[in-house]
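Novice: Sequence below, structure please.
(chains A, B, C and D)
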Amino acid sequence: MGDAFGMPIAHIMAAGMGGIRTAGDLVAWMQMTRRMKIAEAKRYVADKLGIEVIDLINEDVMYSLRGDLGIGVVTGDPGRASGIIAKCKIAELLEIEINSVNYFKSLL
Amino acid sequence: MAVAHGIASGIGGIRAAGDLVARMQVSRGMRIKEAKEYVAGCLRISVEDIADPVVMSELREDLDIGRVNAVPGAAKGIDAKFRIAELLDIKINCVNKFRERTGL
Amino acid sequence: MGKYVTRMGDGFKVELTESEINRDIEEGSQEAAKNGQIAPLNQDESLYLLEIFKCPDRSVGVERGKEVVLSYDSGTTKFKRVNVSVSKIQSLQIYERMLGADTLELAHIDYSFKPVKPIVVFEQPILEQALLMTIPPLFYGAMPNLGLYSQPDGPCPNPGDLLPKGKIAEARASYEEQIEHAIKDMVYVGTRMYEAGADGINFDTTAAAGDAEFLATLQAIKILKTKYPEICIQMGMAAEFVLGMHGELYYENVRLAGLYPHKQLELAEKAGVTIFGPTTNIVTNRSLPWNVARAVTFTKACTEMARIPVHACMGMGVGGVPLTLSPPVDALSRASKAMVEISRLDGL
Amino acid sequence: MQDAIFTRMGDGERISMPVQEMKEELLEGTQDAAKKGRIPELTEEDLQQLFEILAEPGRIVSVPSGKEVVVTDDGCAKIFYSGPADGGAALPISRQNSVLAYERGFAADTVSFGHEDYSFKPAKALIDYEMQTYYTTSLATTVPCFYGSQPNLGLYFRPDGPHPNPADLLPHGRIDEAKAAQEEAAEQLREDMVYVGQKLAEVGCEGINFDTTGSAGDADFHATLMAVAELKEKVPLMSVEVGMSGEFVLGMHGGITFEGKRLAGMYPHEQADAAAAAGADIFGPAVNVNTSRSVAWNLARAVTFVKHVVESSKIPVHPNVGMGVCGVPMCVETPIDCVTRVSKALVLIGKADGL
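Specialist: Numbers count the residues shown, from 1 in each chain, chains lettered A, B, ... in the order given. Reported below is the predicted structural model:
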């Protein structure tokens, strides 16, 4: 709890990975689905992406990579995947099961 | 539900004078006939024109008491209610609160 | 003999002859007159109702000049329920600017005073901002919903468990305790929202849990009205008949159990209600002519004696509107027209 | 080096503290945590690093590149549309709009939302609406989307709920009745949490966050652990985060155990073991803030607890860093100088896996 500027923005600026600007969501998926601790999760994601760990938070690398892989970018780019479509691809890329993806597929 | 009732028997809110008639029920507990007559009197129109969007649209524009279309520069919220309170000679709770807070 | 398409109380289509419609109108009106000890519809009124049901048009409307003020129960939650991703303020603006609403109502998705209490601090700034950008009168609405005060949801023993065991005294004691809790919550929420600038408070679906809930609501209204003489109070009822779940509760020396709409109205006026909303329930296995005639008869008894505006409750399953999630426009617009013109409503 | 450092008290008040005094505060803070939790104090290097973080002259500080962690939240949607009690800005936008703004405007690693009253009991009454909202929101989000809620055992006691209130019974010495009331209430709470969790999992819920767990003591914590275990068995694909309400589990009941261990009196590292044993995927320790002590004292204390829990925990640890916990001052508009220092210290010294 706390106001937006003073709490989440401050934490994100100080220590956050940057979500879909970079690879924060991908590392989060590994913590959530495989209970990986931070170093292991970062290594796993970097390997899957074929990049160095330091580039996980590198906008320069991640923006184009995310665009190429179709796993969602932070800007509203026309024609690029976002939402559940991006998550379908993330599940495949990271070889994990995402509950919402499974549910969505079951409805098709 | 809301649309069907609105079409079947509603006055039409700020498209016409529905909100003004409602104000008289809300603030003075007037029955419908009395409320319409009161509003018509204040607006200097006939009771029949209360639900006429053509008449009321022009009148609302002239009085600047809010219209359904978002005309730039025209009253849209609390400013419309300030004028409505004056026009109908009633007290509107949020208008009074606004006055208190701004010291107007 | 030609047949006319109408519907049953559950919304399904049915074809009736003119004499069948007439018979149903007569029976529906008589049923209300007998139960409520009020006057049935006169011949002209019955004939007018017949004409409404004979009209071949899909949708009907009141005569020009007879339009009334519309108020809405649970206003903002209607958008949430259908999963339209707009905020409460946005939905109020849609009501105002796209649906031609005469009044507006802000509400919490869990539409009862008890769950509003802990989040009232979140509702106040929304109301304050909504008031800055809307024009029609803005209510804050919730249901008294006494059921939330009994176990397993609330603190008091559940009369539904006690009564079948013959524990009448315990059940009554529980109701009396629930009344105290409910009054406290209604006055608290009403106070906070009026202080935030609301034009009025709508007590919707009042007496759903019977006479104890009716008493709690009347007392809460009295307190609010004494505190704020200019506050507008709307009270919509849950049913045409106050269930005597307690049985021995009185307000102003009038026994609450068994009261019909015109008698409910008298007590509402005494408590300080500004706008009263009578309710007539739908009987799903009877036709709409029967149901509408019945609703109009009850409501007319109210409007004839009312000193305050009467806004009949005309949502799903009440006031002649079929009990179905998507009320057909043909049925709803006929109920609307009949109730406004024959019952001489001030609003709905 | 400067003689005095601008910092704050635990209530947010801005103060200037001499260097030596700050060092003493840091030492006292870690000693307090070590003594209470029976855990190691911070090392001299840790204390020096913590001092340097606090002494940095910039208004905000941050971790070096490569050391970033995953940031989870406790109902991010509310900071947009809700009121001041949740730090909300009362923006006229919906929950879904808020979540998307958080994902794309704030570049968050995960998002979450919950019921307006952010507890399982009121959420249960509206479960269809919550399911529907969750489903449509999860279609639009790319980052993991949590549904957050507090166990909030307090809602099950009179006058809000059906069970006798232990706070009324205990002062009268009615210990057994107070215990029985808590056991019954916890059982009802567990049922509600499992019900809500299962229903959300049915529409593909990616993660559920049990936030502010243990706020009503050991019975609250126990109900949560039991619910987590049941949910993990029934819907294993739904990730579970357990965030605590305090550094110490209050023994309101006193006799409740989980897997043979008494819950009352557990400190973060023991709470994390219990949460992991129940099946939680992420654990969120909370260390309370003492408003009459400095941020230095509070942060040293928080880092001490967090460092130890991270070392011993088998699952990722995301310390709770909201208002009034883990060194963040107890005030609605949390000062960013402190918040960013808390972030940096918990990640660099505490070695947190996320926040």
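
Novice: all helices for the chain, in order.
Specialist: Picking chain A for this. With DSSP state H, the ranges of helices along chain A come out as A:10-15, A:24-34, A:38-49, A:59-69, A:83-94, A:99-107.

Novice: Oops, wrong one, chain D.
Specialist: Counting by DSSP H, one finds helices in chain D at the ranges D:19-37, D:44-55, D:78-81, D:95-105, D:120-125, D:127-140, D:166-169, D:175-202, D:218-234, D:268-278, D:295-312, D:336-348.

Novice: now the fourth one against helix A:24-34, angle please.
Specialist: What it means is helix D:95-105. If you take axes from the mean of the first three to the mean of the last three CA atoms, to 10 degrees, helix D:95-105 sits at 120 degrees to helix A:24-34.

Novice: about what we covered before: what's the closest of the helices of chain D to C:A257?
Specialist: Nearest to C:A257, of all the helices of chain D, is helix D:120-125, at 28.2 Å by CB to CB. C-beta here means a position set from N, CA and C on the backbone, and glycine is covered the same way.

Novice: just to revisit the earlier point, can you lay out the helices of chain A as CSV showing mean neighbour count?
Specialist: Below are the helices of chain A laid out as CSV (neighbours: other CB atoms under 10 Å in any protein chain shown):
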stretch, mean neighbour count
helix A:10-15, 25
helix A:24-34, 27
helix A:38-49, 19
helix A:59-69, 16
helix A:83-94, 20
helix A:99-107, 17
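
Novice: Switch those helices over to TSV; also include mean pLDDT and distance to D:Q182.
Specialist: Listed next are the helices of chain A as TSV, based on pLDDT from 0 to 100; distance: least, CB to CB, whole Å:
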stretch	mean pLDDT	distance to D:Q182
helix A:10-15	87	35
helix A:24-34	95	31
helix A:38-49	96	37
helix A:59-69	91	49
helix A:83-94	94	40
helix A:99-107	91	33
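
Novice: TSV for those helices, including distance to C:E105?
Specialist: Formatted as TSV, the helices of chain A follow (distance: least, CB to CB, whole Å):
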stretch	distance to C:E105
helix A:10-15	38
helix A:24-34	39
helix A:38-49	48
helix A:59-69	44
helix A:83-94	33
helix A:99-107	34
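
Novice: ok, back up a step: select, out of the helices of chain D, the one closest to D:M330.
Specialist: helix D:295-312 (9.5 Å).

Novice: Of all the residues in chain A, which one is nearest chain B?
Specialist: Chain B sits closest to A:D3 of chain A, with a gap of 21.7 Å, by CB to the nearest CB.

Novice: Grab the nearest non-local neighbour of D:A274.
Specialist: Excluding its sequence neighbours, the residue lying closest to D:A274 (CB to CB, 6 or more residues apart in numbering or on different chains) is D:F258, at 5.4 Å.

Novice: same check, this time on B:I84
Specialist: Distances taken as CB to CB, 6+ apart place B:I65 nearest to B:I84, at 5.3 Å, with adjacent residues excluded.

Novice: Need the outlier residue of chain B, farthest from its centre.
Specialist: Of all residues in chain B, B:G103 has its C-alpha farthest from the mean position, at 24.9 Å, by CA atoms, centre = their mean.

Novice: next structured bit after the longest helix along chain C?
Specialist: If you go by DSSP H, chain C has its longest helix at helix C:168-195. Going down the chain from helix C:168-195, the next helix or strand is strand C:200-206, by DSSP states H and E.

Novice: does any part of that following strand sit near chain B?
Specialist: Yes. Against chain B, strand C:200-206 shows contacts by CB under 8 Å from any CB of the partner chain at C:G200.

Novice: what packs against whichever helix or strand comes after that strand?
Specialist: The helix or strand immediately downstream of strand C:200-206 is helix C:211-227, counting by DSSP H and E. Packing contacts for helix C:211-227, counted by 3 or more CB pairs under 8 Å, 6 or more residues apart in numbering or on different chains; DSSP states H and E, involve helix C:168-195, strand C:200-206, strand C:232-237, strand C:250-251, helix C:261-271.

Novice: contacts for stretch A:25-45?
Specialist: A:17, A:19, A:23, A:48-49, A:53, A:56, A:71-72, A:90, A:94, A:96-98, D:69-70, D:72, D:109-110, D:142-144, D:206-207, D:239, D:241, D:281-282, D:314-317, D:352-354 (CB atoms under 8 Å, 6 or more residues apart in numbering or on different chains).

Novice: tell me how far the ends of that stretch are from each other?
Specialist: 10 Å (CA to CA, to the nearest Å).

Novice: Quick one: closest of the helices of chain D to C:Y149.
Specialist: helix D:120-125 (14.0 Å).

Novice: tell me how far that closest one is from the chain's mean position?
Specialist: Relative to the centre of its chain, helix D:120-125 is centred 20 Å away, using CA atoms, centre = their mean, to the nearest Å.
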